[in-house]
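Asker: predicted structure and sequence below. I'll ask about it afterward.
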Amino acid sequence: MPHETRLGQSYGFRPARFFVARPLSIVKRRRERRADARTTTATTASTRARIARTLARARSATLATRDARGVVASAPPDEGRARRMSTARFYDDVRDATTRAMRYSVDGTWRTSASGSTCEALNPSKANAPANRFQACTTSEVDEVFAKAREAQRTWQRTPLHARAALLHRAATLMRENAGEMAEALVLEVAKGAKDARVEVERSADLIDYTAEEGVRLLGEGKLLMSDSFPGNDRTKLCMASKVPVGIILCIPPFNYPVNLCVSKIAPALIAGNTVVVKPPTQGCTATLHMIQCFLKAGFPAGTVQAVTGRGGEIGDYLTTHPEVNAISFTGGETGIRVAQKAGMVALQTELGGKDACIVLPDADLDLAAKSIVKGGFSYSGQRCTAVKLVAVFEEVADELLSKVNAQIAKMTVGQPEDDATITAVVSKSSADFIQSLVVDAESKGARLCQEWRREDNLIWPLLIDNVTHDMKICWEEPFGPVLPVVRVKSDAEALELVNKSRFGLQGCVFTKDIDRAIQMADAMETGTVQINGPPARGPDHFPFQGVKDSGIGSQGITNSINVMTKVKSTVINLSKPSYTVA
């Protein structure tokens, strides 16, 4: 029997179920809405079939060898249909059976909001056609969610570490077993390639397993301090210091990795004894709620893991300033700055974007640099906080480097995510409009477009922009799309100026064969991480990940996240006379 399943069965909890009486007026309104509700038709049957086929191939490629860790391996072909039917049933109660809108999660159950309103997630690849609907929760429903989280946290913090870890392992197993529909939602709502969507789910399950194991080690030990180490004291005081949970963690993931960047918050919070309230992004909401279902089905106690959905303009500030919140873990853009300004006396962990520069020195391996620039700049259409967003290349090697980069760009496929195209649609029309405005501004000021500008709805063809100067907006703004500006430089100081004048400071990279020069450049770059001879990247997920300046507050990575989501408590034993331990 798989290790994760065995542990999950040994220490599994089952959330309590209950029914809430509703006023007749609410019941009547719901019946009226159900009578004329229409099922969303975001994609055609043929599109969904292509997604299913691509995901099936991706699953076979990524899971075939996982049974060595006790994880269920790929199903034989004759079991495929049964597995898909089982996965569909697994997520059945996440949707309202009549309206087909996604529900929100409270106290171990899925509910339809009393507001009677829903929000829409769109399909970026299909001219922003409706993809899914989810509940527009009210402030009173938010209050109830936090009340249940507080009630559950009092018990959860007293649950043994090994039992918390066992449930996390079980949730990871369920994610792997039910990855198909979760990955399909990523394809539909955020235009992520089918293979990459599957990888995100698998990576997230791995992160949960690692967090469970690391948490048991990290939180299973404390410190014993002796008073006589400080001048003027005998050994009359013994201080026992340990890590305790902070309470309720508000987790706000972004659209681009709504599963992975949610579990990177949830798993450390839960192993540390906190409860979590998740606010999913509008785009990517469905996949996030599917992920929450894995935690509920794993047997986490009612109120331990909950999710509220709705419009940020209506409940966003209410969530982030709620008096029951003890810590906020936020990944996103400019909104995070406002969250930090309003949050008050709570722990903050934020990652807010970057302008990650790639510095290419004259002695660099240009083939390696070109490959890394293309991978770093255009993966997932450049919609990554750690994407290469500026190339600073020395003049003497610029033409040769750009020739190699352009040759690789020419090989990229552009199209639909279900077909695993290299470049897919950006997340929204407003995003595409912003990217286009940066390109127009750069070209009007003398930049050279290495490819023809081309756009269809949200789909933007990959573009390298040469001869970018400091007066162009794209030199400083984060485009978050498949366009990459190139600035030609003549000195280390000029390259460092591009990095350090930016209001962002997430990551950067340096390409050179001179390790001494690489270290000097890395030390001088005002960023949270510097990659040497490799593109910017978040991960592996246990590596520290942090930004400076407007790129964020605090540090992520599994161990660092656990530390952010705990606080130190000390118990001091006062002795009547000094006592020194001997053996």
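Answerer: Done, it's in. Residues are numbered from 1 along each chain as shown.

Asker: per-domain residue ranges of the chain.
Answerer: 3-351, 357-544 (automatic domain parsing).

Asker: rank these by mean pLDDT and give me the bottom one.
Answerer: For these, mean pLDDT drops lowest on domain 3-351, to a mean of 85.

Asker: so how far is that domain from its chain's centroid?
Answerer: In terms of Cα atoms, centre = their mean, to the nearest Å, the centre of domain 3-351 is set 11 Å apart from its chain centre.

Asker: if I look at the nearest residue to F394 once chain neighbours are set aside, how far off is E477?
Answerer: Here the nearest residue to F394 in space, its sequence neighbours aside, is P362; by Cβ to Cβ, 6 or more residues apart in numbering that works out to 4.7 Å. Where C-beta positions appear, they are placed from N, C-alpha and C, glycine not excepted. In this structure, P362 lies at 28 Å from E477, with Cβ to Cβ, to the nearest Å as the measure.

Asker: and what of A522?
Answerer: In this structure, A522 lies at 24 Å from E477, with Cβ to Cβ as the measure.

Asker: try S491
Answerer: 24 Å.

Asker: out of those two, which sits in the more crowded spot?
Answerer: Between S491 and E477, counted using other Cβ atoms under 10 Å, E477 has the larger neighbour count: 19 against 10.

Asker: need the three-state assignment for that one.
Answerer: Three-state assignment for E477 (DSSP: H, G, I helix; E, B strand; the rest coil): coil.

Asker: you'd agree it is up against D441?
Answerer: No: counting by Cβ atoms under 8 Å, E477 does not reach D441; the two are 9.2 Å apart.

Asker: remind me, longest helix of this structure?
Answerer: As far as residue count goes, and with DSSP state H defining each element, the longest helix of the chain is helix 194-219.

Asker: in that helix, which residues are buried?
Answerer: Counting neighbours by 16 or more other Cβ atoms under 10 Å, one finds that the buried residues in helix 194-219 are 194-212, 214-216, 218-219.

Asker: pretty sure I573 belongs to a strand, no?
Answerer: Yes: when the secondary structure is assigned by three-state DSSP, I573 falls within a strand.

Asker: beta-bridge partners for it, please?
Answerer: Beta bridges link I573 to L238, judged by DSSP bridges.

Asker: what is the burial count for it?
Answerer: The burial metric for I573, expressed as a neighbour count using other Cβ under 10 Å, is 11.

Asker: what sits against it?
Answerer: Listed by Cβ atoms under 8 Å, 6 or more residues apart in numbering, the contact set of I573 reads K237, L238, C239, M240.

Asker: neighbours around the first one, how many?
Answerer: The reference is to K237. Every residue meeting other Cβ under 10 Å relative to K237 is counted, giving 16.

Asker: centre-most residue in the chain?
Answerer: The geometric centre of the chain, computed from its C-alpha atoms, lies nearest to L261 (Cα atoms, centre = their mean), at 1.7 Å.

Asker: which elements pack onto the longest helix of the chain?
Answerer: Under the contact definition 3 or more Cβ pairs under 8 Å, 6 or more residues apart in numbering; DSSP states H and E, helix 194-219 sits against helix 45-63, helix 161-177, helix 179-190, helix 260-271, helix 558-564.

Asker: just put those in CSV and tack on distance to L368.
Answerer: As requested, those are exported to CSV (distance: least, Cβ to Cβ, whole Å):
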stretch, distance to L368
helix 45-63, 26
helix 161-177, 34
helix 179-190, 30
helix 260-271, 27
helix 558-564, 29
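
Asker: nearest to Y91, of the ones you listed?
Answerer: For the helices and strands packed on helix 194-219, the distance to Y91 is smallest for helix 179-190, at 5.7 Å, taking Cβ to Cβ.

Asker: buried residues in the closest one?
Answerer: Residues A179, G180, E181, M182, A183, E184, A185, L186, V187, L188, E189, V190 are the ones in helix 179-190 that count as buried (16+ other Cβ under 10 Å).

Asker: same list (these) but as TSV, adding distance to N256.
Answerer: Putting the buried residues of helix 179-190 into TSV (distance: Cβ to Cβ, whole Å) gives the following:
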residue	distance to N256
A179	18
G180	21
E181	19
M182	15
A183	15
E184	17
A185	14
L186	10
V187	13
L188	15
E189	11
V190	7
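
Asker: which of these sits closest to K569?
Answerer: Among the buried residues of helix 179-190, and counting by Cβ to Cβ, the member closest to K569 is M182, at 37.5 Å.

Asker: wait, the closest one sits on H290?
Answerer: Yes: with contact defined as Cβ under 8 Å, M182 and H290 form a contacting pair (4.2 Å).

Asker: circling back: give me the common contacts of E477 and D441.
Answerer: What both E477 and D441 touch, as defined by Cβ under 8 Å, 6+ apart, is an empty set.

Asker: what's the nearest residue to V486 if we skip its chain neighbours?
Answerer: Nearest in space to V486, with sequence neighbours left out and distances taken as Cβ to Cβ, 6+ apart, is V391 at 4.5 Å.

Asker: what's the burial count for the one you found?
Answerer: Neighbour count for V391, taken as other Cβ under 10 Å: 29.

Asker: same check, this time on the one 5 residues further on
Answerer: Burial of E396, expressed as a neighbour count using other Cβ under 10 Å, amounts to 10.

Asker: now what about stretch 376-388, what contacts it?
Answerer: The list of residues contacting stretch 376-388 from outside it, by Cβ under 8 Å, 6+ apart, reads 191-193, 196, 256, 331, 351, 353-354, 356-358, 372-373, 389, 391, 409, 412, 422-427, 460, 462, 479-484, 506-507, 509, 535-538.

Asker: quick one, which of those are buried?
Answerer: 191-193, 196, 256, 331, 351, 353-354, 356-358, 372-373, 389, 391, 409, 422-427, 460, 462, 479-484, 506-507, 509, 535-538.

Asker: residue contacts, K569?
Answerer: If a contact means Cβ under 8 Å, 6+ apart, then K569 has A241, S242, K243, V244 as its contacts.

Asker: 7 Å instead, please
Answerer: In this structure, K569 makes contact with S242, V244, judged by Cβ atoms under 7 Å, 6 or more residues apart in numbering.

Asker: with V339 instead?
Answerer: Residues counted as contacts of V339 (Cβ under 7 Å, 6+ apart) are T320, I328, F330.

Asker: apart from its neighbours in sequence, what residue is nearest M412?
Answerer: Nearest in space to M412, with sequence neighbours left out and distances taken as Cβ to Cβ, 6+ apart, is T422 at 4.2 Å.

Asker: ok, now which ones touch that neighbour?
Answerer: The contact partners of T422, taken as Cβ under 7 Å, 6+ apart, are F378, M412, T413.

Asker: how far away is it from P462?
Answerer: Counting by Cβ to Cβ, the gap between T422 and P462 amounts to 8 Å.

Asker: what residues are shared contacts of these two?
Answerer: Contact with both T422 and P462 is made by residues F378, M412, according to Cβ under 7 Å, 6+ apart.
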